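Colleague: no sequence for this one, just the structure:
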């Protein structure tokens, strides 16, 4: 027994010595959100219980190791999940670490991450909105990234709506290298690059960057990103969400930029954003514009968030002969003239308005009630408009 105790003591001492020498740390964090809501979308309506109410439920494992001279090795692994069912990811095609998977270095010189990393464009969009990273209620996020205006999914699918998903890739890019500079007199710059992960397709690369200035109550920022779209469509989700493709292959590029500002007046914090998207493919060009305004109002310990965004786009109709080989049109199928089904981007506008009341029970737990209104108003022959009302309440816990 003494020998065993000595061995355990020795092992414990070695482990302790190793941890002290390396100064390593690992942390588990995340958010669990569950809400019950009611939605009316066009002619359809129904109740829904969701693990993605106000915020997307997610967990994250992060860690660092001291390397000396103020430098650290770091990693982050994160996944979205559905708190209602325990299911991993936001959709069936999500990978294990669908939110983040990066390894990197940090120091006084800045931070370098490699793997699946968040884009500077999305970071600025989240950071200058009254709804932050809420995928369900952030108005500008809804218009630029959430092509399906309908959380109840396929039961509400209507091909004649012709809704759109303006930015075809996610807010996180795979196969990426990201750099974030240190704060220099309030300025922080970031850049990201990804080859796109398509062998032999150099035009599939993605580039992005941002500059953000923060000084007390004021935040100003700008971001830009270029997406090369020469890549095969590998899933029905991509066919549904990509605005530019030819015979099942993305073709062309997309240039997007965002300007944003926020100011905290103590009694209210106001936000403003303006974005443009330029698509170029199949010999055609198409442009879209969006703006967003919002406010966050503290009511004692409670908080009231309000936001409105409007998005408008030029037409970019693609002939039926370019329909993907798998026949998946989804939100891009629309009536057209004389019964001809067109595939592409209908001209029109979309609006999103949201209001949410947050009531904290503690520093990490809060109750919420939120309402979202969205309207899609196409101006192309054969497509019909869609109005959506969605109200939900639930509980959100951070750990």
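Modeller: Structure received. All values reported here derive from a predicted model rather than from experimental measurement.
Colleague: all contacts plus neighbour counts: C-alpha atoms, from now on.
Modeller: OK.
Colleague: surely residue 135 and residue 80 touch.
Modeller: No: Residue 135 is beyond contact range of residue 80, at 11.8 Å (criterion: CA atoms under 8 Å).
Colleague: now the common contact residues for those two.
Modeller: residue 56 (CA atoms under 8 Å, 6 or more residues apart in numbering).
Colleague: centroid-nearest residue for this protein?
Modeller: residue 171 (4.1 Å; CA atoms, centre = their mean).
Colleague: got the contact list for residue 30?
Modeller: 57-60, 398-399 are the contacts of residue 30 under CA under 8 Å, 6+ apart.
Colleague: show me what the closest residue to it other than its chain neighbours bridges to in the sheet.
Modeller: Leaving aside its sequence neighbours, residue 30 sits nearest to residue 59 (CA to CA, 6 or more residues apart in numbering; 4.1 Å). Bridge pairing for residue 59 (DSSP bridges) gives the partners residue 30, residue 79.
Colleague: report the separation between residue 59 and residue 43.
Modeller: Noted for residue 59: a distance of 36 Å to residue 43, by CA to CA, to the nearest Å.
Colleague: with residue 260 instead?
Modeller: Distance from residue 260 to residue 43, by CA to CA: 36 Å.
Colleague: give me the more crowded residue out of these two.
Modeller: residue 260 (23 against 9; other CA atoms under 10 Å).
Colleague: distance check, that one against residue 122.
Modeller: 12 Å.
Colleague: please enumerate the strands of the stretch 251-399 of the chain.
Modeller: Using DSSP state E, counting those that start in this stretch, the strands of the stretch 251-399 of the chain run over 253-264, 269-281, 284-299, 302-313, 316-318, 333-334, 342-345, 348-360, 365-378, 386-398.
Colleague: export those strands as a markdown table, with columns for mean pLDDT and distance to residue 223.
Modeller: Output for the strands of the stretch 251-399 of the chain, formatted as a markdown table (pLDDT from 0 to 100; distance: least, CA to CA, whole Å):
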| stretch | mean pLDDT | distance to residue 223 |
| --- | --- | --- |
| strand 253-264 | 94 | 5 |
| strand 269-281 | 90 | 9 |
| strand 284-299 | 90 | 14 |
| strand 302-313 | 94 | 18 |
| strand 316-318 | 49 | 25 |
| strand 333-334 | 36 | 31 |
| strand 342-345 | 48 | 24 |
| strand 348-360 | 94 | 22 |
| strand 365-378 | 92 | 26 |
| strand 386-398 | 92 | 29 |
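Colleague: the ones you listed into JSON lines, with extra columns for distance to residue 89?
Modeller: Converted to JSON lines, these look like this (distance: least, CA to CA, whole Å):
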{"stretch": "strand 253-264", "distance to residue 89": "27"}
{"stretch": "strand 269-281", "distance to residue 89": "28"}
{"stretch": "strand 284-299", "distance to residue 89": "28"}
{"stretch": "strand 302-313", "distance to residue 89": "27"}
{"stretch": "strand 316-318", "distance to residue 89": "32"}
{"stretch": "strand 333-334", "distance to residue 89": "27"}
{"stretch": "strand 342-345", "distance to residue 89": "28"}
{"stretch": "strand 348-360", "distance to residue 89": "25"}
{"stretch": "strand 365-378", "distance to residue 89": "23"}
{"stretch": "strand 386-398", "distance to residue 89": "18"}
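Colleague: hang on, the earlier thing: next up, the contacts around the residue nearest to the centre of the chain.
Modeller: 118-119, 121-122.
Colleague: most widely separated two among those?
Modeller: 118 and 121 (8.6 Å; CA to CA).
Colleague: who's more crowded, those two?
Modeller: More neighbours surround residue 121 than the other of residue 118 and residue 121, with 26 against 21 (other CA under 10 Å).
Colleague: what about the nearest residue to the more buried one once chain neighbours are set aside, neighbour count?
Modeller: Leaving aside its chain neighbours, residue 121 sits nearest to residue 223 (5.2 Å; criterion: CA to CA, 6+ apart). By other CA under 10 Å, 25 other residues sit near residue 223.
Colleague: one more: the one 5 residues further on?
Modeller: Burial measure for residue 228: 22 neighbouring residues, criterion other CA under 10 Å.
Colleague: my read: it touches residue 254, true?
Modeller: Yes: using CA under 8 Å, residue 228 is in contact with residue 254, at 6.6 Å.
Colleague: comparing residue 135 and residue 80, which residue is more hemmed in?
Modeller: residue 80 (26 against 19).
Colleague: neighbours of the closest residue to that one other than its chain neighbours, just the number please.
Modeller: In space, and not counting its chain neighbours, residue 80 is closest to residue 58: 4.2 Å by CA to CA, 6+ apart. When neighbours are counted by other CA under 10 Å, residue 58 registers 24.
Colleague: can you pull the pLDDT of residue 58?
Modeller: According to the prediction, residue 58 has pLDDT 93.
Colleague: thanks a lot, catch you later.
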